[in-house]
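1. Make a model of this:
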Amino acid sequence: MSSIQTLSRGGAAEAARYASGVLLLTSIHHAYGAYVYNTPWRYHAVLVAGVTVPLIFGALAVMRSHRSGVLRMLAQGLFVVGTLGVAVLMIGTFEGLYNHVVKNLLYFGGASSALMMRLFPAPTYEMPNDVFFEITGVLQVVPAALVAWYLYRMTQRPRTAHTRKIHTDTVVAPRELVTIQGQTVSIPPPDRLVHLQFRRFAGCPVCNLHLQSFVRRMDEIVSMGIHEVVIFHSSIDDLLHYERDLPLAVIADPDKRLYGEFGVERSPRALLDPRAWMPIARAVLHSVLQTFRERRPVPPVMPHGGSLGMPADFLIASDGRVLALKYGRHADDQWSVDELLALVRAMRRRAEDAAAPQSRDPQALANCFDGPLAQLRQSSVEPRS
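-> A predicted model of the protein is given here:
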């Protein structure tokens, strides 16, 4: 129990939230199964959920109000029982993974009837014959996996300083980066804004589909005085294999030094967050079509740096000040072109409004536009040839 005493409050709250999602989903799943298959005993899951959810949140409340003592230790034990014991092991692992994922894989993989009846005997189990029942059964694995992840995070030490997220108005130290084509890029550039994009791995279907939207509207982006710089946690060789034709400044950061400096992390939420599922499916389909139509390389199955990277966006002024930023919460959570341009236009309008009352005083006007807001107002330039 000693390792549990280092719980992070944020991790505990997330674990509790996803555990309640597991219990709600299993209640719907079992109640539906009880009705469809005329098996009233399945309603027991609703009772288990009705007891476990208040137990988890009650234990969480005690943990937050007591920093030490026997009562806190008891609450931590009950919290682990409810989240790990019930939500992860009983429901996610046994009910979701074994009862449904394994069963469906074997059934549709052509396993013999004898094997299926031995592993999943009637009347406890039903062979796959109801889409809603099987889908809700399989989906129990997803929030249970997130509960397990946050329980793991709760026992870890706090992040070290170099991995902490940065904030607006942070001043980024000047540096020179080299693109995969051997060109030098200054961060920040001396005469314009830079949109620093942290993407995932070379060949990532979601990243490529996203970046193509920027390529199509590059004239608009450049005319607003924005320089695009894209960073991947992949090697130069991998990026040359997958991203050679990308007309952007692409930087390789295989050791994730820049990711650590800017606080860009990895998490299972990149793939497990339900909001990412449709974008991932759309991006994979687009990648498959490109592979066949344009003979592009097949995306990597085991990319360097893993597939759990999170995206991030930073808008940086010429003096190194971070004007705006976004840390993604899943693989497709990033600024669109429209969001980026709207952000710059809004900042430019604020700069102009701030200058208006002082427009009669030349010196005051000059002072008003010192720094990054001046650059925003004056950053509309002709596209470079």
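2. Quick one, grab the pLDDT at residue 225.
-> Residue 225 carries a pLDDT value of 91.
3. The one 5 residues further on too?
-> Here, the pLDDT recorded for residue 230 equals 97.
4. Could you look up the SS state of it?
-> Recorded secondary structure, residue 230: strand (DSSP: H, G, I helix; E, B strand; the rest coil).
5. thinking it is in contact with residue 253, fair?
-> No. Counting by CB atoms under 8 Å, residue 230 stays clear of residue 253, with 10.5 Å between them. Placement of C-beta: from N, CA and C, glycine included.
6. Any idea how many residues pack against the closest residue to residue 332 other than its chain neighbours?
-> Nearest residue to residue 332, sequence neighbours excluded (CB to CB, 6 or more residues apart in numbering): residue 279, at 3.7 Å. By the criterion of other CB atoms under 10 Å, residue 279 has 17 neighbours.
7. Which other helices and strands does the helix or strand containing residue 279 contact?
-> Per DSSP states H and E, residue 279 falls inside helix 277-293. Here helix 277-293 touches helix 205-216, going by 3 or more CB pairs under 8 Å, 6 or more residues apart in numbering; DSSP states H and E.
8. what's whichever helix or strand comes after the helix it packs on packed up against?
-> Once the chain leaves helix 205-216, the next helix or strand it forms, by DSSP H and E, is helix 218-223. Applying 3+ CB pairs under 8 Å, 6+ apart, we find helix 218-223 packed against helix 337-355.
9. how big is the angle separating the helix it packs on from helix 205-216?
-> Put simply, helix 337-355 runs at 50 degrees to helix 205-216, going by axes from the mean of the first three to the mean of the last three CA atoms, to 10 degrees.
10. Can you give me the buried ones in helix 337-355?
-> 337, 340-341, 343-344, 347-348, 351, 355 (16 or more other CB atoms under 10 Å).
11. for stretch 241-248, same thing?
-> Here stretch 241-248 shows 242-243, 246, 248 as buried, counting by 16+ other CB under 10 Å.
12. how far does that stretch stretch from start to finish?
-> 15 Å (CA to CA, to the nearest Å).
13. gap between the helix holding residue 279 and the chain center?
-> 19 Å (CA atoms, centre = their mean, to the nearest Å).
14. can you list contacts of that helix?
-> Helix 277-293 has contacts (CB atoms under 8 Å, 6 or more residues apart in numbering) with 205-206, 208-209, 271, 296-299, 331-332.
15. In a markdown table: the buried residues of stretch 241-248, plus secondary structure.
-> Shown next, in a markdown table, are the buried residues of stretch 241-248 (three-state DSSP):
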| residue | secondary structure |
| --- | --- |
| 242 | helix |
| 243 | helix |
| 246 | coil |
| 248 | coil |
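16. From the structure, what's the count of residues near residue 285?
-> For residue 285, the neighbour count with other CB under 10 Å is 12.
17. who wins for most neighbours among the contacts of helix 277-293?
-> Of all those, the highest neighbour tally under other CB under 10 Å goes to residue 331, namely 30 neighbours.
18. wait, what's in contact with it?
-> Residues counted as contacts of residue 331 (CB under 8 Å, 6+ apart) are 200, 204, 206, 270-271, 273, 276, 279-280, 309-311.
19. Could you rerun that using 6 Å?
-> 206, 270, 276 (CB atoms under 6 Å, 6 or more residues apart in numbering).
20. So what does it have for phi and psi?
-> Main-chain torsions, residue 331, degrees, to the nearest 10: phi -60, psi -30.
21. Next: residue 179.
-> phi -80, psi 170.
22. Quick check, it in contact with residue 249.
-> Yes. Using CB atoms under 6 Å, residue 179 makes contact with residue 249 at a distance of 5.1 Å.
23. So those two - more neighbours on which side?
-> residue 249 (22 against 17).
24. wait, what's in contact with the more buried one?
-> With CB under 6 Å, 6+ apart, residue 249 has these contacts: 179, 185, 229.
25. Helix, strand, or coil at the second one?
-> If I follow you right, that is residue 185. Taking three-state DSSP, the label given to residue 185 is strand.
26. Is it in contact with residue 176, as I believe?
-> No. Judged on CB under 6 Å, residue 185 makes no contact with residue 176 at a distance of 7.2 Å.
27. neighbour count winner among the two?
-> Neighbours of residue 185 and residue 176, each counted by other CB under 10 Å, are more numerous for residue 185; the result is 16 against 8.
28. where does the chain dip in pLDDT?
-> 1-10, 155-163, 355-385 (pLDDT under 70).
29. which residues in the protein form strands?
-> Along the chain, the segments classed as strands by DSSP state E run 175-178, 184-187, 193-198, 226-232, 249-252, 312-316, 322-327.
30. Pairing partners for the longest one, with directions?
-> Looking at strand 226-232 with DSSP bridges, its partner strands are strand 193-198 (parallel), strand 249-252 (parallel).
31. Mind listing residues that contact the longest one?
-> Read it as strand 193-198. So strand 193-198 is contacted by 188, 225-231, 264, 312-316, 379 (CB under 6 Å, 6+ apart).
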